[in-house]
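1. coords please:
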Amino acid sequence: MNSGSNLGAYLQRFGLLAGYGLYLSTKMKRGVRTIEVPGMAKPIYMRTGTSDRSAFNEVIVKRWYDHPFPGGQPRLIIDAGANVGYSSVRFAELYPNADIIAIEPDSENFELVERNIAAYPRVKAMRCGVWPRSTALVIENPEAKSWAFRVREAHEGESGFPAIGLNDLLNGHPARCIDILKLDVEGAEKELFADEKCHDWLARTNMMFIELHDRIKPGCTEAMERALAPHNFSRLHHGSNLILIRRGGLE
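-> Now for the predicted structure:
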């Protein structure tokens, strides 16, 4: 999206003066900065001049994750692929009584996650990936940008980084269901949906925000559609997200 339409989104969201000032402060500076966002209780941190600004535009300015949760207040929110934590912070602002788990494997991103969620005691950060089961992963293409990394399970003797299974997260929380799952995991959704045990967590999930990455790993959409077929979700699109909402909800 071009800079003119981004500016328009700032003005629409925050008004003329505050919107223009915030637009300039995120665009013109460089380095890690504290960003005061009108209407948000706490400031957030941004590495200006990086892709953090695009994430800020999507989550905070354009509110891609603000679609209302149906039926009461969510108890457990899993932010898989938290990046620098903006979506976790936004969920915490929208649902202050929910437990939120922010999952991010990249070490530099994770530092910003921890800084951004520090003011929200119900948000827990985990430096790991998400996979069909708890295991170790390696990056197949380390020369790529972090947003384009492809991962696979580590072979015996390979050093990698940890990943956790959604069923393991789910079974470890007293709610016993995922009220909101945000899934932006750069292609690992293919393995998540292709795994036969995906139906265990899908059957206990109320709402999902999914960004598909067939451009990185072909077959993501096909795996998701096959997995969703037995489940009763309505769907709509907002930004790059597919939003899935369970018809009838879970108790």
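2. What segments of the stretch 151-251 of the chain are helices?
-> 166-171, 189-194, 198-202, 220-228 (DSSP state H, counting those that start in this stretch).
3. okay if I get those as TSV plus mean pLDDT?
-> Shown next, in TSV, are those (pLDDT from 0 to 100):
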stretch	mean pLDDT
helix 166-171	93
helix 189-194	96
helix 198-202	97
helix 220-228	97
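4. Isn't residue 64 up against residue 58?
-> Yes: proximity of residue 64 to residue 58 meets the contact threshold set by Cβ atoms under 8 Å, at 5.0 Å. Yep, even glycine has a C-beta here, placed from its N, CA and C like the rest.
5. what sits in contact with each of the two?
-> Common contact partners of residue 64 and residue 58 (Cβ atoms under 8 Å, 6 or more residues apart in numbering): 239-240.
6. Could you look up the SS state of residue 34?
-> Following DSSP: H, G, I helix; E, B strand; the rest coil, the label given to residue 34 is strand.
7. Run through the residues that contact it.
-> When contacts are counted by Cβ under 8 Å, 6+ apart, residue 34 touches 43-45.
8. let's see it at 7 Å
-> 43, 45 (Cβ atoms under 7 Å, 6 or more residues apart in numbering).
9. From residue 97, how far out is it?
-> Look at residue 34 and residue 97: by Cβ to Cβ, to the nearest Å, they are 27 Å apart.
10. can you check residue 85 too?
-> Between residue 85 and residue 97 the distance is 19 Å, computed by Cβ to Cβ.
11. Check residue 195 too.
-> Going from residue 195 to residue 97 by Cβ to Cβ gives 31 Å.
12. Which one of those two is surrounded by more residues?
-> Shown here are residue 195 and residue 97; by other Cβ atoms under 10 Å, residue 195 has more neighbours (19 against 9).
13. Which residue, other than its chain neighbours, is closest to that one?
-> Nearest residue to residue 195 in three dimensions, chain neighbours excluded: residue 132, at 3.6 Å (Cβ to Cβ, 6 or more residues apart in numbering).
14. Need the phi and psi values for the one you found.
-> Backbone torsions for residue 132, taken as degrees, to the nearest 10, come to phi -60, psi -20.
15. what sits against residue 90?
-> By Cβ under 7 Å, 6+ apart, the contact set of residue 90 is 59-60, 65.
16. 10 Å instead, please
-> 40, 44, 59-60, 63-66, 79, 182 (Cβ atoms under 10 Å, 6 or more residues apart in numbering).
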